Each structure stands twice: as C-alpha cells, then as structure tokens.
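**Q** 3D, please:
(chains A, B, C, D, E and F)
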Protein chains: 4
Amino acid sequence: MLSKSERTKKMILEKATELFIQKGYSAVTMKDVCEATGLSRGGLYRHFRSTGEMIISLIRAEQQNADNEFKEALAEGKSALQILDLFIDTHNRFLLSPKSALELAANQFALLDEKGKQINAERAWTTVKRTSHLVRLGQEEGVFIDGDPDSIAWHIVLFLGGLRTKTALDGAEPAFIYSQTNWIRDFLLKPNFK
Amino acid sequence: MLSKSERTKKMILEKATELFIQKGYSAVTMKDVCEATGLSRGGLYRHFRSTGEMIISLIRAEQQNADNEFKEALAEGKSALQILDLFIDTHNRFLLSPKSALELAANQFALLDEKGKQINAERAWTTVKRTSHLVRLGQEEGVFIDGDPDSIAWHIVLFLGGLRTKTALDGAEPAFIYSQTNWIRDFLLKPNFK
Amino acid sequence: MLSKSERTKKMILEKATELFIQKGYSAVTMKDVCEATGLSRGGLYRHFRSTGEMIISLIRAEQQNADNEFKEALAEGKSALQILDLFIDTHNRFLLSPKSALELAANQFALLDEKGKQINAERAWTTVKRTSHLVRLGQEEGVFIDGDPDSIAWHIVLFLGGLRTKTALDGAEPAFIYSQTNWIRDFLLKPNFK
Amino acid sequence: MLSKSERTKKMILEKATELFIQKGYSAVTMKDVCEATGLSRGGLYRHFRSTGEMIISLIRAEQQNADNEFKEALAEGKSALQILDLFIDTHNRFLLSPKSALELAANQFALLDEKGKQINAERAWTTVKRTSHLVRLGQEEGVFIDGDPDSIAWHIVLFLGGLRTKTALDGAEPAFIYSQTNWIRDFLLKPNFK
DNA sequence: CATGAATGAGAGTTCATTCAT
DNA sequence: GATGAATGAACTCTCATTCAT
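**A** Alright, predicted model coming up:
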C-alpha cells in the first residue's frame, strides 16, 4: 500500500496532467494546481517545488513505460517488423488521443526551462537508443535497410518529434497521421519486404 | 528611402532579433526591448504593441525571403535536383549559424500564443506548398520518387522541424546535421539517381 | 525645482522615516510603504527596490549632514572645545528626540542585511575620521589628552554607539544621557582644562 | 544525571548555538533547528515554542556564568585590580573567539522582539550591577577614580556593548581590541596606579 | 511523547499597459 | 510624436503553527 505522502503525490500528478493537457506547461501555475487538488500552498510545496518538478515526474514515468513495453516485446520474442508495427500503432493512438496535448507541455518545458532542456535531451536520447536497438535487430533479420543504426534512429525520432509538435499545435486528421507514420515503414523496410 | 518611422521599426526589429536569439521569445519583455533600443515605453508602443507583433514581422520576412529565393531559382531554370541541393545547403548553413536559435523563439511563440499557433501553421503551410512544388517538378523530370507530393513534402517539413528544434535546444555537430539532411536526398531521389 | 521623480522620492523617504521610527527597519514592508505613500506596488518599485535602499538613502543623508556641520564649524574658526561641546549638544538632542528611534532601524539594517553591514562600517568609519580630526585639533591646541587620535576617536564612537543603542531600546532619562555624554569631555580634556 | 527531556533540551541548545553563530538570530527558523537536531516539528515544539525561547536560555546561562565567576573571584579574596584584569582578559578572549558572533544574535533578538528588549535590559542591568560592585570595591581600596559607581559602570558597559557590536559586525584585529579594552583600565585607575 | 502532512497568511516582485505632460 | 511615472493584477515562495495518526 502507498504511504499517505505517495498517495498525495500521485493525486497531484493526476490533476496536474489534466491541467497540462488543457493549458500547456507554462500557463499552469502552482496556484492552479493548489486549486485543482484542493491543497494549500504549503501543502503542495511539500511535495513539488514547481510545476517543472511535476512535468519531470510525468516525462520520466512515460519513458519508463515505453522502455518496459519494448523489453516485454523483446522478451516475447517478437520480430523487428512486429515490434515496428506495434511501435507505429502505439504512436498513432497516442497522436489521436487527448494525451498528445501533453507533448505540447513537454515541448514548452524544454523551451522555457534550463532543466527542461536537459530532460528533453535525456528523453530524446533514451528514445534514440531504443529505436537504434530495434533497427539493429531488423538489420540482423535482413529486413531493414543498411546504414548506421544510430543515424537511422535519429532520423525517425526527429521526424516523429516534428509530427508530434505539429499534431499538438494544429491537430491532425487520422488519415494524415496514418500516411505520415507509414513513411517510417517505407523508409526502414528493404524494397522486397514492403 | 525609408521614412523615419520605417527606419525606427527596422532598428527595433534588429535589436529584438538579438534579444530573441539570446533569450528565446517568452523571456523577452517590452521593457527589455525599450532598454535595448533606447526608446521609451510610449515610444515603443507606437510601433509595436507586443513582442508577438515583432516576432510575427520577423517570421513573415523570413518566409518572404525563402519564397523569393525559390522563385528566383525557378526563373533561372534550375533543375529540381539543383534546387534541392541549394535548399539543403541553405538549411545546413542556417542550422549551423547563430540564427538557428531564432527557431527556438518561433517555437515558443507557436506554443505560447494563440496568434503564434496560427502564424506557425501558416508558416508550415507556405513551406509545404513550396516543397510540394519542388517535388512535383522533380517527379516531372523523372528524378524523384513517386507518391502524393503534398504528403512527401509534409514528411520533409516535419522532419526538418524536428531537426531544427533539436539543434536549437541541444546544439548539433556539423557532421550530424550533414548526415541527417542528407536523408532527404536519399528519400527523394529514385534509386538510379542517387 | 525638483523633478516629479525627485519629489516623489523625497515624499517616499519622509513617509518611510515615519514608519522606520514607529516600527524599526525589519517590520516595515514594501506594502506598508505603498499604503503610507498612496503609491501602487509598481509605482513604488520604480523609485526604490527595497526598504533597504530607502534606509541607505536616509543614512547617507544623515552622514552628509554631520560632515557639513563639522566643515562649517571649522570654517567659522571655532576651537576644538567649542566644536566638542557643539558635538555633545547635538548628540544629546538627537538622543532625546523621537529621531533616536531611527538608530534602532539602522542597527537592525546592519544586523540583518549584508549591504547594511557595509553601510554601517562606512558610517562608523566616516564618523571616526571626523572625530579623529577633531581630536588632532584639540591636541594641537594643547587642550586634549595625548594618544593616537584614531584610537581615541574609536573609543568615543564605540561608546556613543552603545549609548545610542541602549537609548533606542530602553529609552533613557535626560539626566542619564547628560551624565554619560559628559564622560566624553572628561575623557578628552587634559586635567587642567576640565 | 539529566533526564531524557533535559538531555534533548541541552542538545537542541547546542545545535541552536551553532546556528545562531552562523546566521544570527532572525535567520534561524524552527525548520532549521528541526533539521539540525534531527527532531520532527512536533518533537521540537514540545521543548521550545520558538527560537526566542532558545536564545533566552542561552543568554540567561551566560549571565549565570559571569555572575558565578565574579562571585568566585570575590570569594578567593582577589583585589579589584586583579578582578578588573581578569574581566578585561575574559572580554578580549570572548571578542576574539567565534562565540562573539552570538552577540550579533543577541542584539538582533533585542531589536526584533518585545521580549528580547526586556531580556536585553535585564542583561545590561545585571552586568552594570556586577561592574558597579567592582568599581565600589576599587574605590574602597583607593585604586579606582572617584565618582558615582553606577554611572561609571554604565559608561563601561555601554562602551563594551559598542565594541562587541562592532566586532561582531565587522570583525576586529586583536591589536585593536587590546588597545580599546585597555582604555577601561586607563579610565578606571587613579593616575598614580597606572 | 513523537511524527510529518497540511494550513493559510503575507511578503516580495515583475510586467504589460495607460495617460498626463 | 515621445516621455516616463504610475497602475494593478498575478504569481512565487516561505514559515510558524496545528493536529490527526
């Protein structure tokens, strides 16, 4: 069972997530979180010293999640192509869900805060490493194109970053998202496997 | 010759550019611009009502520039491949220059301001149209891959957006930038033209 | 004629003086000064960024005053003994006036604030220099005791500091003050001049 | 042997002394003391309801000490001059030790807190009484100057107060301290005993 | 007796924006 | 047209202190 402090922390993060989705990162003030959680100023500060600390928690948790899913897929002995399709599917669903608005908050945080920059770099790097692992796997299976796995992974990550930002800002039609994420398949697969 | 008012406006934009490069968009206040330009509060407000108006001016001017360059290249009868290489080269140089930090300001503006969202969408759309035009040209010449030109253009624009954001945030080695922008060539050219 | 800004500044200092006398330094907040002057938060901050800046202004002005009085007395060709008696008289009157409560504020400032420490040291040093000058004068006239003028001056200044603090804290009867300041005469004068 | 409660109290006072020396009185919060002692909020409050109560304990103990030393010296049958030299020596050593910084805390307490004012007056009064006793002794022995013992004692106490404050604020060279405290001897002794 | 989560008041500070001169 | 004094709304952050467990 979670301690009282941990339960409060969890509750704060849930409310903060809603706020970040609604208003982005920078527009959410500590006062907003106080009101949303029903905590007093001092009570909130005991758990988080800034909205920055909250979003860091959220981003780290998300990374943790993605890493776990990838490890599970590997453990289940899935093929690179299966994992890729899973990966694309997860992305599509994320982009179409309201949670995609969190991307906007994460971007703001990276742009506004020195620590945010760091976290963002860390997040990118974790994602690249995971993707690079997948690319190597596919190359070993002879299904993915040749080339430096890191460079290929960065290409995909940068493209997805751009797509996520665009979606968060302007919204995007499902058809647009499907066709765009499909380029990743196109790009990665050797011609005879497309 | 420029009127006095136009010269003041130009001077304000130059100083504001420096500030945006140094501090990003959101950290620049009207007070900062007053101090940098030596104008009084009231004096500045006569020309721009907010830092948002300043950055809009800057973004529009940049778009105008890119459009002109493209039109010139077309007028000079350059081939799609030549224009593509020019385009990639311009990008590389932008990414390696201090001006790439302006991308960060433009992103912040898009993320923080309702009007900024609009301008950003407008900017993306202009860029996509231009790129799409180029893609069609290359397809007609039989050098570029087949597929919906708009979709292909969006893919490139989204990827470049991601790359620009990453560069502005973390910085990037020249080698990294060259290898990444080179994927565009790889992606666009038919196998036998690579 | 004073500029508008200078008039406002003067008015703020007058109101702040009243507040410092009533409540000491640390208990006076920027909000208090806003209310006392009728200025808005921002309006006050344009002139003084903290109550510390206000008290520094007051202390510096007081020093300026004392220096001017001393120079005048010298210019008028007064004897060391005459100046000493003037000096003691001025002190007695200060200690018996409500203004003596400002000493408390100045002490608090010195004790609470790093800058205040500095200003206090500066104030002590100025006073010592002035007193030392007087001592040398009296020694040249053959009326004051022998000894290092700086050391003698420090002795007087330290004693007066103690007396001022005590008066500000506990209050003091006129008779007590007269008898105490009179020790300075006793201490300085050669036996045959007492 | 001390009860558990008394041992905790003693430990708190030791840690608080360190804090007061480091930061003065006003900057030390109950939170600081919690952290320094390792006690919880509630635990600390059981022993002391405020930092004021702590410093009162410390000041009272110090007074007790000085009184005991004086009584011992009397009981040992020391002469007034011997006691004076002891007294000056003790002072010099105090002023040169890190403990002199506690004076600053005591001053802050006197200046900031109504109760502190009282304690300070009480402390001054105790010191004056003790000093006055010594003066009378020296006068009876025919070694000290004539005059009202209380007035003489106050003079010394006020001077030492000034010196202690100056030392705590600016620091002071040993030579300066020795020469200054030596004035007390000079002031008290009849010319033929100097 | 002890713990530590929570309260709530209030100080400080900054800025976009207005408007009398 | 320009100046710069002034407004007022918001937000951050910190503690002393209480009280359920």
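**Q** which residue ranges form the helices in chain A?
**A** Ranges of helices in chain A, per DSSP state H, are A:4-23, A:30-37, A:41-47, A:51-75, A:80-96, A:101-112, A:114-140, A:149-170, A:174-188.
**Q** residue nearest the centroid of chain A?
**A** Taking Cα atoms, centre = their mean, the centroid of chain A lies closest to residue A:62, which sits 6.0 Å from it.
**Q** and the gap between the nearest residue to residue A:141 once chain neighbours are set aside and residue A:135?
**A** Nearest residue to residue A:141 in three dimensions, chain neighbours excluded: residue A:80, at 5.3 Å (Cβ to Cβ, 6 or more residues apart in numbering or on different chains). Every C-beta, even on glycine, is put in place using the N, C-alpha and C of the backbone. With distances taken as Cβ to Cβ, to the nearest Å, residue A:80 is found 8 Å from residue A:135.
**Q** got the contact list for residue A:137?
**A** Residue A:137 makes contact with A:80, A:83, according to Cβ atoms under 8 Å, 6 or more residues apart in numbering or on different chains.
**Q** And residue A:15, by the same measure?
**A** Contact analysis of residue A:15 by Cβ under 8 Å, 6+ apart lists A:33, A:36, A:37.
**Q** excluding its backbone neighbours, what's nearest the last one?
**A** By the measure of Cβ to Cβ, 6+ apart, the closest residue to residue A:37 outside its immediate chain neighbours is residue A:15, 4.9 Å from it.
**Q** from the contacts of residue A:15, which single one is nearest DNA strand F?
**A** For these, the minimum distance to DNA strand F (Cβ to the nearest atom of the strand) is 8.5 Å, reached by residue A:33.
**Q** what about the closest one, how many residues close to it?
**A** Using other Cβ atoms under 10 Å in any protein chain shown, residue A:33 has 21 other residues around it.
**Q** Next, work out how far apart it and residue D:32 are.
**A** Using Cβ to Cβ, residue A:33 is found at 27 Å from residue D:32.
**Q** now swap in residue A:4 and tell me
**A** The value you get for residue A:4 to residue D:32, if Cβ to Cβ is used, is 25 Å.
**Q** quick one, which of these two is more surrounded?
**A** Taking neighbours as other Cβ under 10 Å, residue A:4 and residue D:32 compare with residue D:32 leading, 16 against 8.
**Q** what's near enough to touch the more buried one?
**A** By Cβ under 8 Å, 6+ apart, the contact set of residue D:32 is D:19, D:23.
**Q** Can you give me the distance of it to residue D:16?
**A** Note on residue D:32: its distance to residue D:16, by Cβ to Cβ, is 9 Å.
**Q** cool, and residue A:67?
**A** When distance is defined by Cβ to Cβ, residue A:67 is 48 Å away from residue D:16.
**Q** And the two? Which one has more around it.
**A** Under the criterion of other Cβ under 10 Å, the comparison of residue A:67 against residue D:16 puts residue D:16 first, with 24 against 14.
**Q** can you tell me which residues contact the more buried one?
**A** Taking Cβ under 8 Å, 6+ apart as the test, what residue D:16 contacts is D:28, D:33, D:36, D:51, D:54, D:55, D:58.
**Q** Residue A:170 too?
**A** Counting by Cβ under 8 Å, 6+ apart, residue A:170 touches B:117, B:120, B:121, B:124.
**Q** Residue A:98 - how many residues pack around it?
**A** Neighbours around residue A:98, by other Cβ under 10 Å: 9.
**Q** Report how many residues lie close to residue A:92.
**A** Using other Cβ under 10 Å, residue A:92 is surrounded by 16 other residues.
**Q** confidence score at it?
**A** Residue A:92 is assigned 95 on the pLDDT scale.
**Q** Same check on residue A:45?
**A** With respect to pLDDT, residue A:45 scores 94.
**Q** Which residue lies closest in space to it, excluding its sequence neighbours?
**A** Take residue A:45 and drop its neighbours on the chain: the residue closest to it by Cβ to Cβ, 6+ apart is residue A:30, 7.6 Å away.
**Q** can you check residue A:135 too?
**A** Nearest residue to residue A:135, sequence neighbours excluded (Cβ to Cβ, 6+ apart): residue A:149, at 4.2 Å.
**Q** That neighbour reaches residue A:139, doesn't it?
**A** Yes. Counting by Cβ atoms under 8 Å, residue A:149 does reach residue A:139; the two are 6.9 Å apart.
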